[in-house]
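K.L.:
Take this sequence and fold it.
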Amino acid sequence: MPAELLRLLPGVEAALRAVAETEIMPRFLKAVREHKADGSTFSEADIAAQEFLTRALERLLHLPTLGEEMSDAAQQAAWEEGLRNERGLWVMDPIDGTTNFLVGLPQFAVSVALLRGGRPVLGASYLPMADEMYSAVAGQGAWLNGGRLPLRTSGSQLSRAVACVDFKRLPPMLAARLVADSPIYSQRNFGSSVIEWCYLAAGRVDAVLHGGQRLWDHAAGSLLVREAGGCAATFREDDFDAANPWRRSVIAALNPELFAHWCDWLRRHGAR
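P.N.:
So this is what the prediction gives:
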């Protein structure tokens, strides 16, 4: 399987670069904000990018495809079909960080993962404004524009760690504790879960905390981090891939010793 996935990866990366060039960047600062029934934001660029990627991935490998902009029913059907199909399921986020994209902030990304048995075996995320392609294959490692990840070795001391933290989705007591008595050196939030996974895999940040990501937010990124030598769990599950794929909390760190400290502190202070 690794040889097959390594052969497939260049085509996936090419599809991500192509969708950014033809569908995403021409609409930068031009697309109009729209809202879904759940209040989340999307635009015509998200829809166009998803349609482009669906066709491109179909040409690479004929599989069920699950995208963020599909209906809930279509997503569930694709997920179940993917579990039955031994060759797997494509999962895509056509634009992660749509609000950033719409207002002109450069932190947005497009991401694709191949899942087999509900677990990611190939992942790629492209940051168009930085021209950075992050990719990983299970058991083979992770790369940024072809160079091995991580770029920087992360330390093991929680008090020196820089973490990406999404406060608005955390349990209120945990969020309050992190503000009043944080165990980390500093926190960041980029408005894109995909980018935060990428930055963790690169060693640009040391840890990540999120109260609830969707499947397309974590599918490629969690593989990136683990193939770069990092660790991921949820508030309750040590096996990250065994948790609910539709709304999955995230505790992650690049250094395994730091991860153990981070996970222990969070679970003791309300991550449940």
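K.L.:
check contacts around residue 122.
P.N.:
Counting by CB atoms under 8 Å, 6 or more residues apart in numbering, residue 122 touches 5, 8-9, 12, 113-114, 135-138, 223. All C-beta atoms are positioned from the backbone trio N, CA, C, and that covers glycine.
K.L.:
And for residue 5?
P.N.:
Listed by CB under 8 Å, 6+ apart, the contact set of residue 5 reads 114, 121-122, 137-138, 140.
K.L.:
Does it fall in a helix, a strand, or a coil region?
P.N.:
At residue 5 the chain is in helix, as set by DSSP: H, G, I helix; E, B strand; the rest coil.
K.L.:
got the contacts of residue 5 as a markdown table, with pLDDT, secondary structure and distance to residue 243 columns?
P.N.:
Shown next, in a markdown table, are the contacts of residue 5 (pLDDT from 0 to 100; DSSP: H, G, I helix; E, B strand; the rest coil; distance: CB to CB, whole Å):
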| residue | pLDDT | secondary structure | distance to residue 243 |
| --- | --- | --- | --- |
| 114 | 98 | strand | 19 |
| 121 | 98 | strand | 18 |
| 122 | 98 | strand | 20 |
| 137 | 98 | strand | 22 |
| 138 | 98 | coil | 18 |
| 140 | 98 | coil | 24 |
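K.L.:
nearest to residue 239, of these?
P.N.:
Proximity of the contacts of residue 5 to residue 239 was ranked by CB to CB; the top entry is residue 138 with 14.9 Å.
K.L.:
Please look at the closest one and residue 227 and confirm they touch.
P.N.:
Yes: proximity of residue 138 to residue 227 meets the contact threshold set by CB atoms under 8 Å, at 7.1 Å.
K.L.:
Among these two, which residue is more densely surrounded?
P.N.:
The neighbour comparison of residue 138 against residue 227 (other CB atoms under 10 Å) goes to residue 227, with 22 against 18.
K.L.:
Next up, the contacts around that one.
P.N.:
By CB under 8 Å, 6+ apart, the contact set of residue 227 is 136-142, 149, 201.
K.L.:
so which two of those residues are the farthest from each other?
P.N.:
Among those, 139 and 201 lie farthest apart (CB to CB), at 15.5 Å.
K.L.:
Mind checking which of the two has more residues around it?
P.N.:
Neighbours were counted for residue 139 and for residue 201 using other CB under 10 Å; residue 201 has more, 32 against 10.
K.L.:
What separation is there between that one and residue 86?
P.N.:
For residue 201, the distance to residue 86 (CB to CB, to the nearest Å) stands at 28 Å.
K.L.:
secondary structure class for residue 163?
P.N.:
At residue 163 the chain is in strand, as set by three-state DSSP.
K.L.:
same question but for residue 270, I mixed them up
P.N.:
coil.
K.L.:
can you count the residues close to it?
P.N.:
Neighbours of residue 270 (other CB under 10 Å): 16.
K.L.:
Please apply the same query to residue 8.
P.N.:
17.
K.L.:
pLDDT value on it, please?
P.N.:
Predicted confidence (pLDDT) for residue 8: 97.
K.L.:
go on, residue 39?
P.N.:
Looking at residue 39, its pLDDT stands at 56.
K.L.:
Which residues are in contact with residue 61?
P.N.:
8, 87, 90, 114.
K.L.:
Just the buried residues from the residues you listed, in PyMOL please.
P.N.:
Selection of buried members from the contacts of residue 61 for PyMOL, criterion 16 or more other CB atoms under 10 Å:
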select buried, resi 8+90+114
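K.L.:
Ramachandran angles for the nearest residue to residue 163 once chain neighbours are set aside?
P.N.:
Setting aside the residues directly before and after it, residue 163 is nearest to residue 207 in space (CB to CB, 6 or more residues apart in numbering), at 3.9 Å. Main-chain dihedrals, residue 207, degrees, to the nearest 10: phi -150, psi 160.
K.L.:
Could you do residue 77 as well?
P.N.:
phi -60, psi -40.
K.L.:
And for the strand or helix carrying residue 74, what's in contact with it?
P.N.:
Per DSSP states H and E: residue 74 is located in helix 72-84. Residues from elsewhere that reach helix 72-84, judged by CB under 8 Å, 6+ apart: 63-67, 70, 88-89, 115, 117-118, 215, 245.
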